[in-house]
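with the input below, show me the fold.
(chains A, B, C and D)
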Number of protein chains: 2
Amino acid sequence: MDERSFSTNLEYYKSFYYVVKYGTITAAADCLCLTQPTVTSAIQKLEEQLGCTLFLRTKRGMTLTAEGKILWDRVEPACQLLLSAERELAAAQKLDGGNLSIASTEMSFRTYVLPAMERFTRDHPNVKVRFRNAPLSDKILDMIRNGEIDLAILHAPFQAGEHLQTRLIGTIEECFVAGPKYAFLADAPRPVPELLQYPFVSVPEGSSTKQYVSGIFQRYGLDYEPEMEVTTSELVIQAVKHNLGLAMLPWQRIRKDVDRGELFRIDIGGPPMERKAYLITHGEIPLGPAARAFVDQYLPAPPEREEKAAPKG
Amino acid sequence: MDERSFSTNLEYYKSFYYVVKYGTITAAADCLCLTQPTVTSAIQKLEEQLGCTLFLRTKRGMTLTAEGKILWDRVEPACQLLLSAERELAAAQKLDGGNLSIASTEMSFRTYVLPAMERFTRDHPNVKVRFRNAPLSDKILDMIRNGEIDLAILHAPFQAGEHLQTRLIGTIEECFVAGPKYAFLADAPRPVPELLQYPFVSVPEGSSTKQYVSGIFQRYGLDYEPEMEVTTSELVIQAVKHNLGLAMLPWQRIRKDVDRGELFRIDIGGPPMERKAYLITHGEIPLGPAARAFVDQYLPAPPEREEKAAPKG
DNA sequence: TGGAGGAGATAGATCTGGTCTATGGATGAA
DNA sequence: TTCATCCATAGACCAGATCTATCTCCTCCA
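Next up is the predicted model:
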């Protein structure tokens, strides 16, 4: 292209840097864990390659010539840059710095991300952890594909396309719930189609929770069209408590409300409705040290058998 | 001291720089005049020394990982700095840049420096030539000792102390001159003591010209105390023409005025009064390319036999 | 004034490690 | 399919980086 490559062996600048810094070849050699003749020869080679004298050899050390000063004015900041880069990468290795960016939907955040992040930031306060909340699984998957974030935790169902790696990290049980007005539904198991007679409260279209519920009704050939959409599950709970409709919510999340008699769990018979949560990473972009530590040490270990793609679980 | 030395072989950054710049190892290898496996191994070694993966190996080349980007943010400016340093030094070699600083007294400037500088700046317009005029030889010698200037041209007498190198570059003939009022002094040779009956015009105390004239009178046990002091020889000439006194001036300089009958040369018998001009450099600070070219190619070559210290010539 | 100490330069032997050639695998284009 | 391109690997080779030992020069100090 426009420019010819370097005309020097960059390794020599290491010697140059420390000879100027310490003023003598001997001291520079100590610092570099080399011997004095080695550094002497490096300086000579550098002078030869640049075609000019860089140092005055005085009785008590080395001082820069005019041309040496010109070089030093560039080499000193250059070496500082390189040293700082090495320091920064080393800090990231030791989790004494670096970044970690995570995304998840609200539900995964409460269940998995929040507790893990709490321990992680306590153990590694110098790692900058960035969390991005996004209601839609597709958006989050895109962020991973683009390399915007290191990892995500999502509940099924979602379409993990190519390149994405998933790891099962837990299961939650979902259930239908009602407020006091519809408490009678909790008296006995109800067939699923019956429930659609009542209004429903849901998180918005596109969220995996909405898709999950839709899936359940679709098995009976029914369309799930909730009367009310709110943005967070917290609001869903409030709406249900105020009898605005039924909803599906994680059992663990509403158990206390059920115990207190504020909410009522509707049994639909059959096995418990389980949804699986997955750690999702880009299969081809290697994780940085912070992300590696986070998934290895701060997330629940994968169960006995791993699963490859994201099932409808 | 505070910091441990580099943990990488700086030479590898050359490969890193061009791999990022061109996007493929193959292209970087071309640019570096190396083979592809060599660059591959350099990148591997660098990743190993830094303890992290810097590149994603994709189908159509190499793209940076997050950690690679961190490194690139530092390596790119560092390499720019080093490349610019190499370019600058190379330009100085070819006299297509760089600096040259010269000092002299007024008289040497007219006779030697000015014509040489004219040719030099014509041949090497990109070299920044800085000329510093100083009336006192001692000041100029100090500037050389301090490394403030590369070289100086002075007329004897002066005290070149240690470390300074002198080279004879020419001789001028001095003579006493008078204006019309004292034209009669030019009729026949005059003994030196007689001249002191008349007023004298001189450059200031401390200049080598003043010292030179003093020396002449001292040989007769006489004190030279000029009635009038002006700062430049141009003003001396004007003063003499206006009959304010006699003066000593370079013969070459006033010959035309004498021919025109505006000035009159006073003969004092004996051999012509010659003063030698010397190029002065610092014996231990090597000259830069510009200064070297200037003394070697643009100043009068030294006569057959060189002289060591500055004589009273 | 002689000797110790500390600076850098030099010579020569050693052997590391950078470099090359040859080859293989993966991918995308024709 | 075949070809072109790109990167990784293996193995051989040898330039050159490194070390030890020694020398010179200078300063400082007894």
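
for chain A, just list every one of the strands.
A:55-58, A:61-64, A:99-104, A:128-133, A:151-155, A:164-178, A:201-202, A:228-229, A:247-250, A:264-266, A:273-282 (DSSP state E).

hmm, the fifth one in reach of chain B?
No: when contact is scored as Cβ under 8 Å from any Cβ of the partner chain, no part of strand A:151-155 falls within range of chain B; the minimum is 12.4 Å. Every C-beta, even on glycine, is put in place using the N, C-alpha and C of the backbone.

can you put the strands of chain A in JSON lines and add mean pLDDT, distance to DNA strand C and mean neighbour count?
Formatted as JSON lines, those follow (pLDDT from 0 to 100; distance: least, Cβ to the nearest atom of the strand, whole Å; neighbours: other Cβ atoms under 10 Å in any protein chain shown):
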{"stretch": "strand A:55-58", "mean pLDDT": "86", "distance to DNA strand C": "4", "mean neighbour count": "15"}
{"stretch": "strand A:61-64", "mean pLDDT": "88", "distance to DNA strand C": "5", "mean neighbour count": "18"}
{"stretch": "strand A:99-104", "mean pLDDT": "93", "distance to DNA strand C": "27", "mean neighbour count": "24"}
{"stretch": "strand A:128-133", "mean pLDDT": "91", "distance to DNA strand C": "29", "mean neighbour count": "14"}
{"stretch": "strand A:151-155", "mean pLDDT": "92", "distance to DNA strand C": "23", "mean neighbour count": "26"}
{"stretch": "strand A:164-178", "mean pLDDT": "91", "distance to DNA strand C": "16", "mean neighbour count": "20"}
{"stretch": "strand A:201-202", "mean pLDDT": "94", "distance to DNA strand C": "40", "mean neighbour count": "24"}
{"stretch": "strand A:228-229", "mean pLDDT": "92", "distance to DNA strand C": "40", "mean neighbour count": "16"}
{"stretch": "strand A:247-250", "mean pLDDT": "94", "distance to DNA strand C": "40", "mean neighbour count": "24"}
{"stretch": "strand A:264-266", "mean pLDDT": "95", "distance to DNA strand C": "49", "mean neighbour count": "21"}
{"stretch": "strand A:273-282", "mean pLDDT": "91", "distance to DNA strand C": "16", "mean neighbour count": "21"}
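
and A:Thr8, what is it in contact with?
Counting by Cβ atoms under 8 Å, 6 or more residues apart in numbering or on different chains, A:Thr8 touches A:Leu46, A:Gln49, A:Leu50, B:Leu82, B:Glu86.

ok, back up a step: so which of the strands of chain A gets nearest B:Ile169?
With Cβ to Cβ as the criterion, B:Ile169 lies closest to strand A:55-58 of the strands of chain A, at 25.4 Å.

partner strands of that closest one, with direction?
strand A:61-64 (antiparallel) (DSSP bridges).

so which of the strands of chain A gets nearest A:Arg190?
Judged by Cβ to Cβ, the one of the strands of chain A that comes nearest to A:Arg190 is strand A:264-266, at 5.9 Å.

how far does that closest one sit from its chain's centre?
The chain centre lies 36 Å from the centre of strand A:264-266; the measure is Cα atoms, centre = their mean, to the nearest Å.

same thing with stretch A:249-266?
Distance of stretch A:249-266 from its chain centroid, counting by Cα atoms, centre = their mean, is 31 Å.

can I get the CA coordinates of it in PDB?
C-alpha atoms of stretch A:249-266 as PDB (Å, rounded to 0.1, in the frame of the first residue of the first chain):
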ATOM      1  CA  LEU A 249     -46.500 -17.100  36.100                       C
ATOM      2  CA  PRO A 250     -43.500 -19.000  37.600                       C
ATOM      3  CA  TRP A 251     -44.700 -21.000  40.600                       C
ATOM      4  CA  GLN A 252     -41.700 -20.100  42.700                       C
ATOM      5  CA  ARG A 253     -42.500 -16.400  42.100                       C
ATOM      6  CA  ILE A 254     -46.100 -16.400  43.300                       C
ATOM      7  CA  ARG A 255     -46.000 -19.200  45.900                       C
ATOM      8  CA  LYS A 256     -46.000 -16.700  48.800                       C
ATOM      9  CA  ASP A 257     -48.900 -14.800  47.300                       C
ATOM     10  CA  VAL A 258     -50.800 -18.100  47.000                       C
ATOM     11  CA  ASP A 259     -50.000 -18.900  50.700                       C
ATOM     12  CA  ARG A 260     -51.200 -15.600  51.700                       C
ATOM     13  CA  GLY A 261     -54.500 -16.100  49.800                       C
ATOM     14  CA  GLU A 262     -53.900 -13.200  47.500                       C
ATOM     15  CA  LEU A 263     -53.500 -15.400  44.400                       C
ATOM     16  CA  PHE A 264     -54.900 -18.700  43.500                       C
ATOM     17  CA  ARG A 265     -53.200 -21.500  41.600                       C
ATOM     18  CA  ILE A 266     -55.200 -23.100  38.800                       C
END
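
give the buried residues for it.
A:Leu249, A:Pro250, A:Trp251, A:Arg253, A:Ile254, A:Asp257, A:Leu263, A:Phe264, A:Arg265, A:Ile266 (16 or more other Cβ atoms under 10 Å in any protein chain shown).

show me the contacts for the residue of the stretch 201-313 of chain A found nearest DNA strand C.
Residue nearest to DNA strand C within the stretch 201-313 of chain A: A:Glu284 (10.3 Å; Cβ to the nearest atom of the strand). Counting by Cβ under 8 Å, 6+ apart, A:Glu284 makes contact with A:His163, B:Leu56.

rebuild the strands of chain A as a markdown table, extending it with distance to B:Asp30.
As requested, the strands of chain A are exported to a markdown table (distance: least, Cβ to Cβ, whole Å):
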| stretch | distance to B:Asp30 |
| --- | --- |
| strand A:55-58 | 35 |
| strand A:61-64 | 36 |
| strand A:99-104 | 35 |
| strand A:128-133 | 39 |
| strand A:151-155 | 38 |
| strand A:164-178 | 35 |
| strand A:201-202 | 59 |
| strand A:228-229 | 58 |
| strand A:247-250 | 58 |
| strand A:264-266 | 69 |
| strand A:273-282 | 31 |
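
can you name the residues of the stretch 201-313 of chain A that neighbour chain B?
A:Glu284, A:Ile285, A:Pro286, A:Gly288, A:Pro289.

now, of those residues, which are buried?
Buried, going by 16+ other Cβ under 10 Å: A:Ile285, A:Pro286, A:Gly288, A:Pro289, out of these.

filter those down to just the ones in helices.
If you go by DSSP state H, those have A:Pro289 in helices.

min pLDDT across the residues of the stretch 201-313 of chain A next to chain B, which one?
Within these, A:Glu284 has the lowest pLDDT, namely 78.

do you know how far it is from A:Lys241?
Applying Cβ to Cβ, to the nearest Å, the value for A:Glu284 to A:Lys241 is 46 Å.

again with A:Thr35
Counting by Cβ to Cβ, the gap from A:Thr35 to A:Lys241 is 79 Å.
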